[in-house]
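Engineer: Output the structure for:
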Amino acid sequence: MAAGRKIYLASSWRNKLHTEVLGALREAGHDVFDFKSKEPLEWGGLSPPTDHRSLIDVMLTVEVQDFFLSDLDAMRSADTGVLLLPAGRDAHQEIGWLAGSGRQTFVMTAGERYEHGFMYLLHNGIVSTTYDLVAMLRTYPRGMQIASNGEAMWKL
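Structural biologist: Sure thing, here's the model as predicted:
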């Protein structure tokens, strides 16, 4: 059996299937980043942004910077991204970054309410069950190819 993938699972703190999907991916032999392994960011302790300047001030706090850098490190080390719907703004930006940086990315619709978007077609696959996600990750072609500029590029 091929070595497991290094997966960044992008989702929401409120997604009810997160723990199930995380467990199934790990059981299938994948190394999966779990953003829930750290304490949630206490946005309530930060002043809510009311304009551009206050948004910048919040983004520059140590708490927000630490969260951002932790997630960014995990994204950089991943070879695959999974967006587990429903998910919020940050998860959508994370999966977009992963896709844009050449990682294989997949979307899983979890049966809960979420908004449809045609940009989900950017990703390598869309599944509706944990079983199908694990199967797709096992069978989807993997590997690297060299782009014309000599840099490594993931096959899509």
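Engineer: now the strands for this protein?
Structural biologist: Using DSSP state E, the strands found in the chain span residues 6-10, 31-33, 80-85, 104-109, 125-127, 144-146, 152-154.
Engineer: Go through stretch 19-26 and flag the buried ones.
Structural biologist: 21-22, 24-25 (16 or more other Cβ atoms under 10 Å). C-beta coordinates here come from the backbone N, C-alpha and C atoms, glycine included.
Engineer: which sections of this structure are below the confidence cut-off?
Structural biologist: Along the chain, segments meeting pLDDT under 70 span 1-2, 40, 42-49, 51, 111-114, 142-156.
Engineer: for this protein, which residue is closest to the average position?
Structural biologist: residue 10 (2.9 Å; Cα atoms, centre = their mean).
Engineer: Contacts only, for that one.
Structural biologist: Residue 10 sits next to 81-84, 87, 90-92, 94-95, 98 when contact means Cβ atoms under 8 Å, 6 or more residues apart in numbering.
Engineer: between those residues, which is closest to residue 118?
Structural biologist: Using Cβ to Cβ, residue 92 is the member of the contacts of residue 10 that sits closest to residue 118, with 13.4 Å.
Engineer: so that closest one makes contact with residue 83?
Structural biologist: Yes: with contact defined as Cβ atoms under 8 Å, residue 92 counts as touching residue 83 (7.1 Å).
Engineer: Report the two of the contacts of residue 10 separated the most.
Structural biologist: Between any two of these (Cβ to Cβ), the greatest distance is 14.7 Å, for 82 and 90.
Engineer: higher neighbour count, the two?
Structural biologist: residue 82 (29 against 16; other Cβ atoms under 10 Å).
Engineer: And that one, how far from residue 102?
Structural biologist: 16 Å (Cβ to Cβ, to the nearest Å).
Engineer: Export the buried residues of stretch 19-26 as CSV, with columns for distance to residue 135.
Structural biologist: What follows is the buried residues of stretch 19-26, written out as CSV (distance: Cβ to Cβ, whole Å):
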residue, distance to residue 135
21, 13
22, 17
24, 11
25, 12
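Engineer: coming back round to it: which one of residue 92 and residue 83 is surrounded by more residues?
Structural biologist: residue 83 (25 against 16).
Engineer: This completes my enquiry, with thanks.
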